[in-house]
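Undergrad: Fold the following.
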Amino acid sequence: QVQLVESGGGLVQPGGSLRLSCAASGFTLANYAIGWFRQAPGKEREGISYISNSDGSTYYADSVKGRFTISRDNAKNTVYLQMNSLKPEDTAVYYCAADPWATGWHSIFDYWGQGTQVTVSS
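TA: This is a model prediction of the structure:
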């Protein structure tokens, strides 16, 4: 069964850090491009980070650039999103998505996780 499962969300104070994980089962994540997305209440889903399956290149939305880092651990079939210097406006449900042909977060992704809640509040 093909599945993506996010974990690592939670409540954190402004300025804090969290590391989200996106674990795959049923397929080899290294062969897929990965996008991280988030959706805050009342807002549209936005793409925030992407890692290529061809050359490992990474991209970030301006809103998270310099604070978030996407990475892969192929041995664990997992992709991570390290989030530092978190702000209240980072509060959202975070999703990972995988697709073998995606070239950015504007692409159509085949597989999606169920999401993990991140709340940044004092």
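Undergrad: State the phi and psi torsions of the closest residue in space to Ser7 that isn't next to it in sequence.
TA: Once flanking residues are discounted, Ser7 sits nearest to Ser21: 4.9 Å by C-beta to C-beta, 6 or more residues apart in numbering. C-betas here are computed from N, CA, C, even on glycine. Dihedral pair for Ser21: phi -120, psi 150, per degrees, to the nearest 10.
Undergrad: Could you report the neighbour count for Ser21?
TA: 18 (other C-beta atoms under 10 Å).
Undergrad: Am I right that it is in contact with Glu6?
TA: Yes: counting by C-beta atoms under 8 Å, Ser21 does reach Glu6; the two are 6.8 Å apart.
Undergrad: How much space separates the nearest residue to Lys43 once chain neighbours are set aside from Gly113?
TA: Distances taken as C-beta to C-beta, 6+ apart place Ala92 nearest to Lys43, at 7.8 Å, with adjacent residues excluded. Here Ala92 is placed at a distance of 14 Å from Gly113 (C-beta to C-beta, to the nearest Å).
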